[in-house]
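Peer 1: Any chance you can model this:
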Amino acid sequence: MPSESSSRVVFERFTSQALVDNPLGDPVTRVVPVYLPPGYDQEPERGYPTIYILAGFGSRGLAMLNDSLWEENIQQRLDRLIREGDLPPVIAVLPDASTRYGGSQYLNSSALGRYEDHILELVDFIDARYRTLADRDHRAIMGHSSGGYGAITLAMKHPDRFGLVADHAGDKYFELAYQPEFPKLLRFALLQGREGLRKLLENPAAYQPKDGLFFATLNLLAMAAAYSPNPYAEWGFDLPLDLDTGALRPEVWARWQAHDPIHLAGVYRDALASLRFLYLDCGLYDEYNLLYGARQMNQRLTAYGIPHVYEEFPGGHRGTRYRFDVSLRLMGALWKDEGL
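Peer 2: Prediction:
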């Protein structure tokens, strides 16, 4: 049995008004795990910093609690960092912004639903229910891959809510992150036709095998739903390429580029400069070419004079959750300096 000083995870059932009537009919009520640190129940007057940890594409917060033979889950990781003194006791929230297509990029989209608003709504819910230090200097947001993208874009757009952000290999420089995957979407369309694409969108869970072609195709369709929604289009969004010829559709691609953090950095330059902590990293062998977007983001932030930490490491895109230790320790150092 856990001791009185053990951490615990509460599984909240959060009903989101932002997701009511979402176009895919995805659940309005989401299970949101909330990590409460050791001592939370024994110190009723104490307030805690909060960290929102965003899952990547095809995942959700619950998955971060999975048992693994060779890797800590998020509860074990936080327990260790707190026990070793690298992180003060914190509350961690593991949102669910998944969709039938796999993900939402944490954006508001007429093709998917209002997932940006969903996260902001969740912040208010958590602050009302738990003993958080409810200000931006004690509220962090972080994630890997699409979770990293969501973290940095939410922090740019809402610096009044999130004062600390860690973006681990988030989607950037869309020319290299997405366009190299376009031939896979074209191959799927060639083999399965538009009817096959329609069936995939209607019920991805039923599609077999769930191989690399499945993942790449569904990922690009989900990105189109997030970046180029169009309520008048056949599937509720526009594709950035012609499925028959493979030709890029410049007017649609421009809409994708408008969501690229490299572009957004200029739009939200003042918001980025206001952050208390900004961290980015990427593996040298990232399979989605995200290293180059990370380097460009680092250069842009440096040119703007925006304080940040940027790191590269020997690794790829997957199996890198151990890198959370780096950003969590840096955040922890800031809070520990306050005496938390």
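
Peer 1: domains for this protein, by residue range?
Peer 2: Domain ranges of the chain: 8-172+261-337, 176-257, per automatic domain parsing.

Peer 1: chain center to the longest one: distance?
Peer 2: So the one you mean is domain 8-172+261-337. Relative to the centre of its chain, domain 8-172+261-337 is centred 6 Å away, using CA atoms, centre = their mean, to the nearest Å.

Peer 1: which of the residues in the helix or strand where P183 lies are buried?
Peer 2: Element membership of P183, judged by DSSP states H and E, is helix 182-202. Neighbour-count burial for helix 182-202, counted by 16 or more other CB atoms under 10 Å, picks out F182, K184, L185, L186, F188, A189, Q192, L197, L200, L201. To be clear about C-beta, it is placed using only N, CA and C from the backbone, and glycine gets the same treatment.

Peer 1: Then stretch 284-304?
Peer 2: Under 16+ other CB under 10 Å, the buried positions of stretch 284-304 are 286, 288-291, 293-298, 300-301.

Peer 1: Switch these over to CSV; also include secondary structure and pLDDT.
Peer 2: Formatted as CSV, these follow (DSSP: H, G, I helix; E, B strand; the rest coil; pLDDT from 0 to 100):
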residue, secondary structure, pLDDT
D286, coil, 97
Y288, coil, 97
N289, coil, 97
L290, helix, 98
L291, helix, 98
G293, helix, 98
A294, helix, 98
R295, helix, 98
Q296, helix, 98
M297, helix, 98
N298, helix, 98
R300, helix, 98
L301, helix, 98
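
Peer 1: Give me the phi and psi for the residue most central in space within the chain.
Peer 2: With distances taken as CA atoms, centre = their mean, G147 lies nearest the centre of the chain, 1.6 Å away. The phi/psi pair for G147 (degrees, to the nearest 10) reads phi -70, psi -40.

Peer 1: hey, what's the residue lying closest to it once chain neighbours are set aside bridged with?
Peer 2: Using CB to CB, 6 or more residues apart in numbering and skipping residues adjacent in sequence, the residue nearest G147 is L54, 3.5 Å away. With DSSP bridges as the criterion, L54 is bridged to G143.
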